[in-house]
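Participant: Everything below, folded, please.
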Amino acid sequence: MEEAQQLVFPVQCTNDSSIVSKRAMVCAGYFDDPFLAWFVPKQARRSPLINRGYYIRAKAVDRTLRAFAAQHGAEGQVVSLGAGFDTAYLRLGPGGPRFFEVDFPAVAARKAAVLVQQADFVALCGGLAEHHARTAAFQQRRELEQRKAKQEPRGTRSKEAGQAQEAQQPRSKRGPQRGQAKGDVAAEGYLGGGLFTPRYCLIGADLTHRAQLEGLLLEAGVDAGRPTLLLSECVLTYMRPQDADQVMAWAAAFFSHAILVNYEQIHPHDPFGRFMRSHFDKISSPLKCIVTYPNLRSQQQRLSAAGWAAVAAFTMHTFFQYMLDPEEKIRVEKLESFDEYEEWHLKCQHYLLTGAASASMADFLAEQFAAPAEAVVPPSSARPSMFDWNQTQLEQGTMAPLDLLDGVLSPRWGHASALCGNRLFVFGGFGGLKNHTRLSDTHVLEFGATTTCQAVACATQGLQQQLHSTLVATVSGLVLFGGRASPGKASNAVQLLAWHEMHVWQTLDTHGDLPGARWRHCAVALDDCMYVFGGRDEQHWQPPELHCLHVATRTWRILPVVSAQRPPAVCSASLVPWGANALVLCGGLGEDQRVLGDVWVGELQADQAVSWTKLVLHPRLPERFSHSCVVLPDQSLLLVGGVADHVLEPFETCVRVSVRDRSWSYLALPAWEGSTAPPMLTKHSSAWLPDGRLVIVGGGGNCFSFGSNFNVPVMQVCPASAKNQQPSEDTASMQHSEAAAAA
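Facilitator: Next comes the predicted model:
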């Protein structure tokens, strides 16, 4: 029994932590729910990312709940499985469906104790008179049974007969069950220590005991023939897959006109998913279903196998990007300063809402779960499967941490870096060895042997803590531009670390068409000029203008666009030189927070103007932002990592883009050989060394409420015989037409 308590109690505690986060989200203005204050009287605070995460969950579930209530009104009923301290019944108000909430007896008893003290609840639910009457009658029956049991001579009943009689009793009349302690008064009370009212019932029960659950629901007045909405939010995933499946099958068989809505986690194997699973393991509440049902397709298949006539699903990413009202998205964006877009997209991609319906409710399900065609991401097996020119070399190569000699570079993300020869300069970001904070340090990584590099601190004076700035190597020296401290403190300062004076940064007094303060922009150097594009400030995305700083004269100018097309405003895109007089802009995050897959070539004109051309690739280049980009020796581009509009499969991690051929191909990285978890390739930087190695510095992110995930400071991808291999266009991979024919 003690072991069962240890298994169940941490799961019950997830209700306590989530209700505080929900209260914080409401206090920040995301969602209207004054009733949460009954359970968490003190105002709470959480990070904007956590607020958004709980908001999107509440918004998605509430949308279906209100649609069901509008269609069926008082004739419908809602059965909430693992309801915790949810307030859906209170939010709907009078005239809505009758509610039946189920949770562990201890949780139900705590909720009941709060509700009966609230006059608004008592008035809404129709009063507590019948609850008191039923509770008194239950106690009388229980006392009578106990007296009879004492009077019965010992040995008059066989053990088997006693067990059979107990099994036929409602759970509230039975002894302690799995996950219930002896002496748990709540579990021994009427409806398992819950509440009975004309419009609302609260039941204390374990979902794994379906016969007892069904008996208590019938005792409370559930009508299996009424239109029914079953809700489950992060509940079934804590159960063994076979137990969760049996709950779904029971619901499909018991209710004849029902829709089941289930909210839980998916994608356990990518870096974010691994970190998420690790968090729940640490708090002794492992996600038991996520490996068995890891994605949308498998989640829908489990519902079909459970006997539901119609099934559907969408991720929170799809809901936010394609199903939420645009005005609502604008409202949310203005609530708090926010700059965790990578983590926001990843969090939303790792949570889904599945729906299943009886045949009579299939149309309602289809209406509620309908998403635009553009939001549908094909399964990985249906995506293009082109592979790169040196795929064999890479698969036979290695990807591992790079040992640092004679210095320490702390883990970080959101930093800036610039390559000069075999030296990589790294500045700032967010991280640290112990206490994580914004950084202001500058390091130079000097690469020698294939397994080591030296990390030397330099120029520690003259800079403030910044992240999401840019660093480029010009003829005059290293130029650092922009970035931010907090999301409300953007910068447009220009700093120079001259090659002849590498111990101190100088603040340049520039003039001309000064660009606005920004971060998440991109920049590149050609000769002694720095070109800057995109980014955002505290309020909005910066206009899609190409700014040029001539370092020697300290002069800024905006390059006029002489083409009919121009790129949109973007953040977290990549910008690299292509040839002597052209730039290539790839991907990024648009103003509407849609992930972009556009490739633009900007040709610099002799009259200091720019002509933009949008490359048409077939098929369209997969979208991504917060990636890095390097130019390969054959002038093709290698996009590394980033965040897409779906969770990237391992073979999608890198993409090679041939600007000349207007084609692209996937490049799968070798298996990770480090002792830590595989790296989370967002907010990192990368460089292609002269000897043919790919070096990746830092990266990671805040993984929702699960904690901060930092990659090892420096990693390298070393193809087999990298020093002797020089890729060329003659060894290019199969073209898309060949891949299509093979498919």
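
Participant: can you give me the helices in the stretch 1-150 of the chain?
Facilitator: Taking DSSP state H, counting those that start in this stretch as the test, the helices found in the stretch 1-150 of the chain are 2-27, 48-72, 88-92, 105-115, 119-125, 129-151.

Participant: Nearest to Thr474, out of these?
Facilitator: Thr474 lies closest, by CB to CB, to one member of the helices of the stretch 1-150 of the chain: helix 48-72, at 35.9 Å. C-beta coordinates here come from the backbone N, C-alpha and C atoms, glycine included.

Participant: What average pLDDT does the strand ranked longest in the chain get?
Facilitator: The residue-count maximum for a strand in the chain (DSSP state E) belongs to strand 437-447. Averaging pLDDT along strand 437-447 yields 92.

Participant: buried ones in the helix or strand following that strand?
Facilitator: For strand 437-447, the succeeding helix or strand toward the C-terminus, using DSSP states H and E, is strand 452-458. Across strand 452-458, burial judged by 16 or more other CB atoms under 10 Å covers 453, 455-456.

Participant: which one of the residues you listed sits closest to His132?
Facilitator: Ala455 (71.8 Å).

Participant: How about that closest one: what's its closest non-neighbour residue?
Facilitator: Residue nearest to Ala455 in three dimensions, not counting chain neighbours: Gly407, with 3.6 Å by CB to CB, 6 or more residues apart in numbering.

Participant: Just confirm the one you found is within a strand.
Facilitator: No - secondary structure assignment (DSSP: H, G, I helix; E, B strand; the rest coil) places Gly407 in coil, not in a strand.

Participant: which residues does it contact?
Facilitator: 443, 454-457 (CB atoms under 8 Å, 6 or more residues apart in numbering).

Participant: I'd like those residues as TSV, with distance to Val122 appended.
Facilitator: Formatted as TSV, the contacts of Gly407 follow (distance: CB to CB, whole Å):
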residue	distance to Val122
His443	64
Gln454	72
Ala455	66
Val456	70
Ala457	66
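
Participant: Flag the shaky bits of this protein, pLDDT-wise.
Facilitator: 1-13, 153-188, 376-396, 406, 449-451, 459-462, 720-743 (pLDDT under 70).

Participant: The most centrally placed residue in it: which element?
Facilitator: The C-alpha lying nearest the average C-alpha coordinate of the chain belongs to Lys347 (CA atoms, centre = their mean; 0.8 Å). Applying DSSP H and E as the criterion places Lys347 in helix 341-349.

Participant: now that helix against helix 48-72, angle please.
Facilitator: Counting by axes from the mean of the first three to the mean of the last three CA atoms, to 10 degrees, helix 341-349 lies at 30 degrees to helix 48-72.

Participant: the strands in the stretch 301-450 of the chain, which residues?
Facilitator: In the stretch 301-450 of the chain, strands defined by DSSP state E, counting those that start in this stretch lie at 310-315, 351-357, 398-401, 403-405, 412-413, 416-420, 423-431, 437-447, listed in chain order.

Participant: Centre of the chain to the third one, how far?
Facilitator: So that's strand 398-401. 26 Å (CA atoms, centre = their mean, to the nearest Å).

Participant: next one: the longest one
Facilitator: Using CA atoms, centre = their mean, the mean C-alpha position of strand 437-447 is found 28 Å from that of the whole chain.

Participant: same deal with the fifth one?
Facilitator: On the basis of CA atoms, centre = their mean, strand 412-413 is displaced by 18 Å from the centre of the chain it belongs to.

Participant: give me the element the nearest residue to Ala582 once chain neighbours are set aside is part of.
Facilitator: Take Ala582 and drop its neighbours on the chain: the residue closest to it by CB to CB, 6+ apart is Glu603, 5.1 Å away. Following DSSP H and E, the helix or strand that holds Glu603 is strand 599-604.

Participant: Who are the packing partners of that strand?
Facilitator: strand 582-586, strand 610-614 (3 or more CB pairs under 8 Å, 6 or more residues apart in numbering; DSSP states H and E).

Participant: Paired strands for that strand, with orientation please.
Facilitator: The pairing partners recorded for strand 599-604 under DSSP bridges are strand 582-586 (antiparallel), strand 610-614 (antiparallel).

Participant: winner for burial among these?
Facilitator: Most buried of those by mean neighbour count (mean count of other CB atoms under 10 Å) is strand 582-586; its value is a mean of 23.

Participant: picking that back up, out of the buried residues of strand 452-458, flag the one nearest to Lys614.
Facilitator: Cys453 (38.1 Å).

Participant: separation between that closest one and Val475?
Facilitator: 25 Å (CB to CB, to the nearest Å).

Participant: and if you look at Glu603?
Facilitator: Taking CB to CB, one finds Glu603 at 22 Å from Val475.

Participant: more crowded one of these two?
Facilitator: Each of Glu603 and Val475 has its neighbours counted (other CB atoms under 10 Å); Glu603 has more, 16 against 12.

Participant: From Val561, how far out is that one?
Facilitator: Counting by CB to CB, the gap from Glu603 to Val561 is 11 Å.
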